[in-house]
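> Model the structure of this input:
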Amino acid sequence: MKKNFAITLFLVTLILSGCGLKSDVKVLKLGHTLDTQHSVHLGMEYMAKRAYELSDGKIEIQIYPGGVLGSERESLELLQLGSMDLTKVSAAAMEGFVEEYKVFGLPYIFRDKEHLFTVLDGPIGDAMLSKGDRFWLRGLCFYDAGARSFYTSSKIETPEDLRGKKIRVMQSITAVEMVRAMGGAPTPIAWGELYTALQGGVVDGAENNPPSFYLSRHYEVCKYYLLNEHTMIPDVMIISTHAWNKLNEQEREWLQQAADESAVVQRQLWYQSEMEALAAVKAAGVEVIYPDKTPFMARVEGVFDLYKSTPRVYDLINQIRAIQTEPTETPAPEADQETEISTSL
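Now for the predicted structure:
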């Protein structure tokens, strides 16, 4: 692992040192792990475009997708070293640096998308973005990464149906406890090995958002998708404080405005990609189930108690759950809703 990271750091250094830069142009390197068709990548492209426009060419963001500059963890470490300027990671990846980020992985901490965006775009979200400063990791904005739901090889509609089912989860204590509380048997498996594990019956199902379910082709094995939406873990755009401190006040305003605008665009693109993914898996013979979420919420209530001994996290849990929102006007996915499939997934 250390050898791979050393090679990555060497390659990044070569990329940075090989650029002949004009002294009046600030060039920022942005590395991430996603495909170029992903809505988050498209959002980042919009951010780069707007930063260039707002600054009249004084800020140029160069994007390196597909993990060519390293994994999420490696990218964060490169930012800490000042060897890379920007990256997009799952909020879960920030848990190792900022304890409060653990709240994002809790089941049903967010009641719906309106609640999620109210938190992310409000005082709590602003505070969270700045909590990584002491680790040289400053947040600029949050991107929508959807809601994770169960997909299985046999039909499930209630928590009772999960009893005894082996469900693949991420390497996360919270994810393990969540599935266990719902009655399932949590089974951590690497993402790259999951298709084979599903196909061979090593696990009975997994959980993820609609675009990931579709793009992974897991729908070829799992013909039931239960949209219980137990977690909504956002993505976060991070800038190295080494890079941030090199920008003057005006440049920071341009970059922040570009990031904020890109978050709005990305959320619209994400909603479209979810609709397209659901239409695609339905066309492939998957039964999409829209359950009553109340029994699932009741089953995982005890998971929150795990953080009673961690005041900073538990206080944040209570703050988030206390926030009230107005009903959103954005249409939710309906069981009979159809949409055109495109290459924007």
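> can you pull the contacts of residue 175?
Residues near residue 175 by Cβ atoms under 8 Å, 6 or more residues apart in numbering: 105, 169, 186, 231. All C-beta atoms are positioned from the backbone trio N, CA, C, and that covers glycine.
> okay, those residues in CSV with neighbour count and pLDDT next?
What follows is the contacts of residue 175, written out as CSV (neighbours: other Cβ atoms under 10 Å; pLDDT from 0 to 100):
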residue, neighbour count, pLDDT
105, 22, 91
169, 23, 92
186, 19, 96
231, 25, 96
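> Now, those residues that are in strands?
Per DSSP state E, strands hold the following members of the contacts of residue 175: 169, 186, 231.
> Look up the pLDDT of the residue nearest in space to the middle of the chain for me, please.
The chain has residue 235 as the residue nearest its centroid, 3.5 Å off, counting by Cα atoms, centre = their mean. Residue 235 is assigned 95 on the pLDDT scale.
> pretty sure it is in contact with residue 140, am I right?
No - the criterion here is Cβ atoms under 8 Å, and residue 235 misses it with residue 140 at 11.4 Å.
> Would you mark the buried spots in stretch 45-53?
45-48, 50-52 (16 or more other Cβ atoms under 10 Å).
> swap in stretch 99-118?
For stretch 99-118, burial by neighbour count (16+ other Cβ under 10 Å) applies to 100-113, 115-118.
> For the contacts of residue 175, give me CSV that also has distance to residue 212.
Conversion of the contacts of residue 175 to CSV gives the following (distance: Cβ to Cβ, whole Å):
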residue, distance to residue 212
105, 16
169, 14
186, 18
231, 13
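> which one of those residues is nearest residue 285?
Nearest to residue 285 among the contacts of residue 175: residue 169, at 25.4 Å, using Cβ to Cβ.
> Now for that closest one: which residues touch it?
Here residue 169 is in contact with 175-176, 178-179, 186-188, 206-207 (criterion: Cβ under 8 Å, 6+ apart).
> in the stretch 201-345 of the chain, which segments are predicted with low confidence?
Within the stretch 201-345 of the chain, the stretches with pLDDT under 70 are 327-345.
> hey, where'd the helices end up in it?
Ranges of helices in the stretch 201-345 of the chain, per DSSP state H, counting those that start in this stretch, are 210-215, 241-244, 249-283, 294-299, 311-322.
> Of all the residues in the strand or helix carrying residue 177, which ones are buried?
Element membership of residue 177 [criterion: DSSP states H and E] is helix 173-181. Neighbour-count burial for helix 173-181 flags 174-181 (criterion: 16+ other Cβ under 10 Å).
> cool, and stretch 255-264?
Quick answer for stretch 255-264 (16+ other Cβ under 10 Å): 255-256, 258-259, 261-263.
> Strands along the protein, start to end?
Secondary structure of the chain (DSSP E): strands at 26-31, 59-64, 86-90, 137-143, 148-152, 166-169, 185-188, 205-208, 224-231, 235-240, 287-289.
> Adding distance to residue 313, write the ones you listed out as a markdown table.
Output for those, formatted as a markdown table (distance: least, Cβ to Cβ, whole Å):
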| stretch | distance to residue 313 |
| --- | --- |
| strand 26-31 | 29 |
| strand 59-64 | 33 |
| strand 86-90 | 18 |
| strand 137-143 | 17 |
| strand 148-152 | 20 |
| strand 166-169 | 20 |
| strand 185-188 | 21 |
| strand 205-208 | 22 |
| strand 224-231 | 16 |
| strand 235-240 | 17 |
| strand 287-289 | 32 |
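> Return the subset of the buried residues of stretch 45-53 lying in helices.
With DSSP state H as the criterion, helices contain 45-48, 50-52 from among the buried residues of stretch 45-53.
> got the domain boundaries for this protein?
2-103+111-144+233-274, 148-232+285-322 (automatic domain parsing).
> quick revisit: identify, from the contacts of residue 175, the entry nearest to residue 126.
residue 105 (20.1 Å).
> Could you find the closest non-adjacent residue to the closest one?
Leaving out its chain neighbours, the residue that sits closest to residue 105 by Cβ to Cβ, 6 or more residues apart in numbering is residue 174, at 4.6 Å.
> The one you found: what's it in contact with?
102, 105-107, 303, 306.
> repeat that with 7 Å
Residues in contact with residue 174, defined by Cβ atoms under 7 Å, 6 or more residues apart in numbering, are 102, 105-106, 303.
> okay, these in TSV with distance to residue 315 next?
Shown next, in TSV, are the contacts of residue 174 (distance: Cβ to Cβ, whole Å):
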residue	distance to residue 315
102	13
105	17
106	14
303	17
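> Let's see which of those end up in helices.
Among the contacts of residue 174, no member lies in helices (by DSSP H).
> and residue 153, how many neighbours?
16 (other Cβ atoms under 10 Å).
> any chance of the contacts of residue 169 in TSV, plus distance to residue 66?
Below are those laid out as TSV (distance: Cβ to Cβ, whole Å):
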residue	distance to residue 66
175	25
176	29
178	30
179	30
186	30
187	28
188	25
206	23
207	24
